[in-house]
Structure formats: structure tokens, C-alpha cells
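1. okay, structure incoming, though there's no sequence with it:
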């Protein structure tokens, strides 16, 4: 029986993994929120891994407030980089595979077409930098790891753009949304299915030994403005 720890359990991706976790008998899941396991505290990590022998850690814990990270870089870096560095070191010591969720924000967006896994990172803002530094911290360690970069996650859980627009559209007469940022909105449900498929695949151990990076998003592209318009249209909001 493989034992899997999922951090950041109050977020939307971990929530979707939890929904799928009951459908399999060969995997045992432990879901940890910040209250149960604060990944920024080394002593808590040591205590947890000493008492629970896990095979895989799926790190969904992150500081995700993109604008807030500009003013609170210390906090963003603490969660998205320093804690990730610590976990990757402990992954070696406690012999578990580290699956880390990252973001398209590690790129500057100037390529003009979809990014590939081997493309050079060049984040523009504080959030992207903290996530990019976290990836570098993993790559510098000898742990078995997989990094999954995704973009514009949405679901009916946690906080995300789709839920924000739905709430604002019901409160306000008009909305202003930027149209100069393009991306691929990605269902957290689809990403969770991909992760479950990946950790059960025969290639998983080999991929983690090679420290593979994977990109996962849904197909199609739009601006935040086009996405907001579509949300309002689907929900028949005035």
C-alpha cells in the first residue's frame, strides 16, 4: 500500500485529489492543512516524516497571491522556495518522491507560443520568482522529484478567478478585467486526474529519478477579459 501525503489540503487542487482518493484501494492518502503541517517549520516537517513513513509527497501548498507577493515577498519566498528546498532535502533523508506543483509564471510570456518544459525560465514578478527559485532548489538536490507546471487553475473549491468573477458579477453593475494577459484556463479536476494517473503509471519511478518537469493545462487560450465574459455568459448574468 503506497502512502501519499498531500499538503495544502484546503486548496482547490488538493480538494480535487481528495475527491478522487476514495476511488482507489492501492493508495493511502494523508491530507494535511497548514494547521496539521506547516511546511515552513523544519521541526514540524522532521516530526511528521519521523512518525509517518510516506512514499510520495504531493506539494499543493503555495503562496498564490500574485499581487500580494510584490509587497510580501518574504512570505512568498518562505513558502514557495525555502520550504520547498527543505522538503527536497528531507525527501532524500526519508526516501519519498517529491511531486511539486509549479506555475506558468516562471516564464515571462514573451515567447508568443506555448512554452516547452526545457525552455529557460525568466519570471517577471515576485510570485514567479519565488516559484522559479523553488524549482531550482529541487533541481539542486539529489531527491527523486517531479515538477508539474500548470496555469490559471479553477474549480468550485478554494479561491480562483472563476469564483471571484461570479461573486463580483452578482454584486456590481460593471467589471473591469485586463485583456493583455493570455493563458490557458485549467480545470483543477483535470489536473488532479492527471496527477493520479501519473503516480500510478509504470514510468513514475523512472521519471522521478530523472527529475522530470511536465507542463499540464487544458487546451485553448484566452485573455482574462475573454474568460470573464464567458463566465458571465454561461451563468446568464446581466
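-> Perfect, thanks for sending it. Owing to the predicted nature of the structure, the values given are computational and were not obtained by experimental measurement. Residues are numbered from 1 along each chain as shown.
2. now the longest helix seen in the chain: mean pLDDT?
-> Secondary structure of the chain per DSSP state H: the longest helix is helix 126-140. For helix 126-140, mean pLDDT is 97.
3. which strands and helices lie in contact with that helix?
-> In terms of contacts (3 or more Cβ pairs under 8 Å, 6 or more residues apart in numbering; DSSP states H and E), helix 126-140 is packed against helix 68-71, helix 73-77, helix 83-94, strand 97-103, strand 145-150. Using the backbone N, CA and C atoms, a C-beta is placed for each residue, glycine as well.
4. with mean neighbour count, distance to residue 118 and mean pLDDT added, can I get these in JSON lines?
-> JSON lines is the format used below for these (neighbours: other Cβ atoms under 10 Å; distance: least, Cβ to Cβ, whole Å; pLDDT from 0 to 100):
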{"stretch": "helix 68-71", "mean neighbour count": "15", "distance to residue 118": "26", "mean pLDDT": "94"}
{"stretch": "helix 73-77", "mean neighbour count": "18", "distance to residue 118": "25", "mean pLDDT": "96"}
{"stretch": "helix 83-94", "mean neighbour count": "20", "distance to residue 118": "20", "mean pLDDT": "96"}
{"stretch": "strand 97-103", "mean neighbour count": "24", "distance to residue 118": "14", "mean pLDDT": "98"}
{"stretch": "strand 145-150", "mean neighbour count": "23", "distance to residue 118": "12", "mean pLDDT": "98"}
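5. and the gap between the residue positioned nearest the centre of the chain and residue 13?
-> The chain has residue 101 as the residue nearest its centroid, 3.5 Å off, counting by Cα atoms, centre = their mean. Applying Cβ to Cβ, to the nearest Å, the value for residue 101 to residue 13 is 7 Å.
6. follow-up on the earlier one: hang on, the residue nearest to the centre of the chain packs against residue 64?
-> No. Contact status for residue 101 versus residue 64: not in contact, 10.2 Å apart, counting by Cβ atoms under 8 Å.
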